[in-house]
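can you look at this prediction? I've put the sequence above it.
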Amino acid sequence: MKTNERISSLVDELEPVRPVNTARTAALSWIFALGATAVCMLLVAPFRTGFVEQLLSTPRFALETVVGLVVGILFVRAAFELAVPDRRSQRLYVTLAAVLGAFWLALFAFAFIEPALPPSMAGKRHECYYEAMAISLPMTVIAIFMLRRMYVLNGVRTGLFAGIAAGVLPAFLMQLACMHEPWHTITHHVAPIGVSAVAGAVLGAWLLRRRQ
């Protein structure tokens, strides 16, 4: 009886809470971040002339673009799923993000054999590598602080996915804004994702460790 009374006293003041809607949170976060990234890039320089026509006339380029968009959404969703303990949904979105991310990279690798567009210097942004990092790193920090409000069990992995999602933002848009050439894409647009991924993992280990 004493045990039951003690348990009752501990739960008497507890109130039900509304579950976190990770789908809505991830979607709104991605839309806001994508818009902010586009605005920041436009403040630096205009997007590449003719990219809309290229999307409409070149299926491979359109595929690269659509896959990049979906990859970003999946990594954002995976980061938020990792912040709300539910092993089933975590495994699903982490797997989807990783598989489609690998496919996106494979499309860029295949471009060395058969480019989606004729390699061109058109639209070249001279500091695109640093521009991508200047956008993705603050986005990573913002994402980490959003995730602190949730119940993160693995700060390193959650931060890693948040950092990748932040890095995909400028990488995806650089395909429309900067010059399109396979080696440049890998070294200047995709490589900064690794920087934000490492930053996310380190920040996650530090700022999310209280949740572990």
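Yep, it's here. Numbering: from 1, shown residues only.

can you pull out the helices in this protein?
Taking DSSP state H to define them, one finds helices in the chain at 2-11, 22-44, 51-57, 59-82, 87-110, 128-147, 155-177, 182-184, 191-207.

among those, which is nearest Ala122?
Closest approach to Ala122 among these (C-beta to C-beta): helix 51-57, 9.5 Å. All C-beta spots, glycine's among them, are computed from the backbone N, C-alpha and C.

which parts of that closest one are buried?
For helix 51-57, the buried set under the neighbour-count rule, 16 or more other C-beta atoms under 10 Å, comprises Phe51, Gln54, Leu55.

from His126, how far off is the residue nearest the centre of the chain?
With distances taken as C-alpha atoms, centre = their mean, the chain has Ala165 as the residue nearest its mean C-alpha position (1.1 Å). Distance of Ala165 to His126, computed by C-beta to C-beta, to the nearest Å: 26 Å.

neighbours of the residue lying closest to Gln54 once chain neighbours are set aside, just the number please.
Leaving aside its sequence neighbours, Gln54 sits nearest to Phe61 (C-beta to C-beta, 6 or more residues apart in numbering; 5.4 Å). Neighbourhood size, Phe61 [other C-beta atoms under 10 Å]: 21.

again, but for the one 5 residues further on
Under the neighbour criterion other C-beta under 10 Å, Val66 is assigned a count of 13.

same check, this time on the one 5 residues further on
Taking other C-beta under 10 Å as the criterion, the count of residues near Val71 is 25.

residues contacting it?
Ala97, Leu100, Gly101, Trp104, Val168, Phe172 (C-beta atoms under 8 Å, 6 or more residues apart in numbering).

is it possible to export those to TSV including distance to Val195?
Putting the contacts of Val71 into TSV (distance: C-beta to C-beta, whole Å) gives the following:
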residue	distance to Val195
Ala97	18
Leu100	21
Gly101	16
Trp104	18
Val168	12
Phe172	16
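
before we move on, back to that, now the residue nearest to the centre of the chain: how far from Gly155?
16 Å.

same question for Ala27.
Plainly put, Ala27 is 23 Å away from Gly155 if you go by C-beta to C-beta.

and what of Met174?
Applying C-beta to C-beta to Met174 and Gly155 gives a distance of 29 Å.

same thing with Ala98?
Remark: distance between Ala98 and Gly155 (C-beta to C-beta) = 19 Å.
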